[in-house]
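Chemist: need a structure here:
(2 chains)
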2 protein chains.
Amino acid sequence: MHTAAYDAMKGQGFSDAHASAIARTVTIAERDECRHHGLFRLSFYANGVRTGMASKDAQPELSQIAPSVLRVDAKYTFSNLSIALGIEPLAKLAKEQGIAALSINNALSVVALWPEVEQLAEQGLVAFSFVAAAPYVAPAGGTQPLFGTNPMAFAWPRAGHPPLAFDQASSEMARGEIQLRLRDGSQLPEGTAIGPDGQPTRDPATALAGAQLPFGGAKGSNIALMIELLTGPLLGDLLSFEAGERDTANTGAPCGGQLIIAMDPARFSPTGDPTAHLAHGEKLFERILQQDGTRLPSDRRYQARKRTAVEGVRVPLSLHKTLQFLRQGKSPDHLEAWEGDQSLRNPTTVLSSANDL
Amino acid sequence: MHTAAYDAMKGQGFSDAHASAIARTVTIAERDECRHHGLFRLSFYANGVRTGMASKDAQPELSQIAPSVLRVDAKYTFSNLSIALGIEPLAKLAKEQGIAALSINNALSVVALWPEVEQLAEQGLVAFSFVAAAPYVAPAGGTQPLFGTNPMAFAWPRAGHPPLAFDQASSEMARGEIQLRLRDGSQLPEGTAIGPDGQPTRDPATALAGAQLPFGGAKGSNIALMIELLTGPLLGDLLSFEAGERDTANTGAPCGGQLIIAMDPARFSPTGDPTAHLAHGEKLFERILQQDGTRLPSDRRYQARKRTAVEGVRVPLSLHKTLQFLRQGKSPDHLEAWEGDQSLRNPTTVLSSANDL
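Modeler: Predicted coordinates:
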């Protein structure tokens, strides 16, 4: 799968380094059955460079801008390579300093955040990641879209288990889920969105023309606001509404900053030995799982990972066809002409093992 | 007011340093009309030492445990003095390193979190603060209390304005608000709590016997879980359920860790000049306030601060009487015998200006 994704990106003119970083990201997402961040996203990357919104080959630059702060200037490329470039130096710095931050600037972001926090936690670190997005969400009390769907991710290292990690939008519902319901002709739950008139709506089209709502009312709105400030003004980068203004080609790939923070439990420990700290976390997880109806945030992802390691990943025929077009240097729009009565969502092709990272 | 609070705490045997730090905290809260963290709380401090749960005079110890990490061992005192001791060294370290953390350990916490993040932001820093609490909140999907109401605070520095700051519990409703509704005989909103049988309830007594719910469903539950891990296992301190087990006297003053993180926008800037970063934040605030029905998270607090600077703080007669008992070294329980038909909530006494910090 990595090869198929890599070839598709090379066909669109991406440099080896960018094609490889993008292929790794989408392969990880497919492996974990997080399909809306998987192969499906390759069209977004292609559109980003085809419209001139993104550079396909600029080399991101890593620098240390303070004793505990690293920066990668992505130079208007997609964020995948910049994250790959910065994440190991961040881990090293966090282990030295106790806490460290990585600022990624001028990056187009269409990725999930859990892969990088999971990668940090696999090395025993606690990690946050924040990114803003295009302006889709109204602030609490307001009626106009202003905040991005602004996700945050957090990961905690576990001894003998893969890390606990969550990655959640500040909006009540993911934008892609609303788009899916528009296509399926189904209604939205209450509290998801308002229309252009500022009134609550359950109609997906009205919601997309209006504004999404933050999760959890004013508290979720505060989280969205915090993420705007952390990834825009703190890092000297764009706010969501500015990213929306920049994306004149409407690629859905907003440009801006990303903040990743890593902390080393060993350096927070008077003994320097993180063993007891990690064992202590397990006590909490046991107590959670003792209650019927609970699960840990990453459980579904790890179950998917086990499943795809055995069964491979099934890819819809139309998506398989898109990959061919992309590899041939064609626009992803070719699919519409080809598609005819093919179902976009019918998984008919086993492309490959998901474990060929 | 500071003097009245200080005298009350001295009357209960607190050392000068602790009495002064506690008086400062409750005076700040009264000044901002955050009454449930104000003079009303002095009884909690008194009960903490009267029951032997808290030390009244141990001197907290500050140490640097990693290049970017400070630690204060509160030695089972209330957290007020430890925060006061650590906050300026944290600000200094964040300015040097770009990002720095303060771990407060073995502290009994009954304070709000916004004063310390506001204090950091007044110096131009961006700040987070996290603390866990007693086990009151069920994890998403579960039915038994496990997480604390686990607040987090965040502050952003503003040029020409006091900082933007929010301080919010991970529970849908503050515990004190449920207790207030119990006393008033009013019902809870939907989605606030479940009873001991795991079923949704709007009855405050059933809710207090059962479990509170996190705000925003699974996403708020993830925030509560994150705060448990950040303040317990990361810092080598107690989880909420362990703090509940330790509080055998049921003082409502849980013991544990607190994590404060500060970042310096000047050190995240390629130019080293934070002016443009702060001006950029103002653009976002303008856009928020252009929408009818919105406000910035700290607005009510700053309005209250202006009001109390002119009008002083009105204190209920019963609370004024409690302060007298505390100053005389008596238990706050004396109030019950005295109270008779006095209303606990009727503000009849202007105690003093709130601005005598």
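
Chemist: leaving out chain neighbours, which residue sits closest to whichever residue of the stretch 101-250 of chain A sits closest to chain B?
Modeler: Residue of the stretch 101-250 of chain A nearest chain B, by Cβ to the nearest Cβ: A:G216 (2.5 Å). The C-beta positions use only the backbone N, C-alpha and C, and glycine is treated the same way. Counting by Cβ to Cβ, 6 or more residues apart in numbering or on different chains, the nearest residue to A:G216 once its immediate chain neighbours are dropped is B:G216, at 2.5 Å.

Chemist: for that neighbour, list the residues it contacts.
Modeler: A:215-217, A:219-220, B:172, B:223 (Cβ atoms under 8 Å, 6 or more residues apart in numbering or on different chains).

Chemist: how about low-confidence regions in the stretch 201-350 of chain A?
Modeler: Scanning the stretch 201-350 of chain A with the threshold set as pLDDT under 70 gives A:335-350.

Chemist: mind redoing it with 80?
Modeler: A:270, A:333-350 (pLDDT under 80).

Chemist: which two of the contacts of B:G216 have the greatest separation?
Modeler: Farthest pair in the contacts of B:G216 (Cβ to Cβ) is A:G217 and B:I223. Separation: 13.6 Å.

Chemist: looking at those two, which is more packed in?
Modeler: A side-by-side neighbour count of A:G217 and B:I223, using other Cβ atoms under 10 Å in any protein chain shown, places B:I223 first with 27 against 16.

Chemist: which residue is nearest the middle of chain A?
Modeler: Per Cα atoms, centre = their mean, the C-alpha nearest to the average position across chain A is that of A:A112, at 1.6 Å.

Chemist: OK, contacts around the nearest residue to it once chain neighbours are set aside?
Modeler: The shortest distance from A:A112 to any residue that is not its chain neighbour, by Cβ to Cβ, 6+ apart, is 4.4 Å, and that residue is A:H37. With contacts defined as Cβ under 8 Å, 6+ apart, A:H37 is in contact with A:25-26, A:29, A:110-112.

Chemist: may I ask which of those has the most neighbours?
Modeler: Highest neighbour count within the contacts of A:H37: A:V26, with 29 neighbours (other Cβ under 10 Å).

Chemist: didn't that one look like it was pressed against A:L39?
Modeler: Yes. Contact status for A:V26 versus A:L39: in contact at 5.5 Å, counting by Cβ atoms under 8 Å.

Chemist: so what's in contact with the two at the same time?
Modeler: Residues touching both A:V26 and A:L39 comprise A:A5, with contact defined as Cβ under 8 Å, 6+ apart.

Chemist: tell me which element the residue lying farthest from the centre of chain A falls in.
Modeler: Most distant from the centre of chain A: A:T271, at 35.7 Å, with distances by Cα atoms, centre = their mean. With elements delineated by DSSP states H and E, A:T271 resides in a region that no helix or strand encompasses.

Chemist: can you list phi and psi of it for me?
Modeler: Dihedral angles phi and psi of A:T271 (degrees, to the nearest 10) take the values phi -90, psi -20.

Chemist: got the contact list for the nearest residue to A:L188 once chain neighbours are set aside?
Modeler: Closest residue in space to A:L188, ignoring its immediate chain neighbours: A:R202 at 4.7 Å, by Cβ to Cβ, 6+ apart. If a contact means Cβ under 8 Å, 6+ apart, then A:R202 has A:187-190, A:192 as its contacts.

Chemist: for the stretch 201-350 of chain A, what spans make up the strands?
Modeler: Applying DSSP state E, counting those that start in this stretch to the stretch 201-350 of chain A gives strands spanning A:211-212, A:255-263, A:313-316, A:347-352.

Chemist: which of the contacts of B:G216 sits closest to B:K92?
Modeler: Closest approach between the contacts of B:G216 and B:K92, by Cβ to Cβ: B:I223, at 29.4 Å.

Chemist: adding distance to A:Q97, write the contacts of B:G216 out as JSON lines.
Modeler: Listed next are the contacts of B:G216 as JSON lines, based on distance: Cβ to Cβ, whole Å:
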{"residue": "A:F215", "distance to A:Q97": "33"}
{"residue": "A:G216", "distance to A:Q97": "33"}
{"residue": "A:G217", "distance to A:Q97": "37"}
{"residue": "A:K219", "distance to A:Q97": "31"}
{"residue": "A:G220", "distance to A:Q97": "32"}
{"residue": "B:E172", "distance to A:Q97": "37"}
{"residue": "B:I223", "distance to A:Q97": "26"}
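
Chemist: picking up where we left off before, now pLDDT and secondary structure too, for the contacts of A:H37, in CSV please.
Modeler: Rendered in CSV, the data for the contacts of A:H37 read as follows (pLDDT from 0 to 100; DSSP: H, G, I helix; E, B strand; the rest coil):
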residue, pLDDT, secondary structure
A:T25, 96, helix
A:V26, 95, helix
A:A29, 94, helix
A:V110, 90, coil
A:V111, 91, coil
A:A112, 92, coil
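
Chemist: turn those into TSV, columns for distance to B:L317.
Modeler: Compiled in TSV, the contacts of A:H37 are given as follows (distance: Cβ to Cβ, whole Å):
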residue	distance to B:L317
A:T25	65
A:V26	67
A:A29	63
A:V110	61
A:V111	60
A:A112	58
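
Chemist: I'd like the average pLDDT over stretch A:164-178.
Modeler: Mean pLDDT, taken over the full extent of stretch A:164-178, equals 93.

Chemist: and that stretch, end to end?
Modeler: This stretch, stretch A:164-178, spans 27 Å end to end (Cα to Cα, to the nearest Å).

Chemist: mind listing what's buried in that stretch?
Modeler: Of the residues in stretch A:164-178, those scored as buried under the neighbour-count criterion (16 or more other Cβ atoms under 10 Å in any protein chain shown) are A:164-173, A:175, A:177-178.
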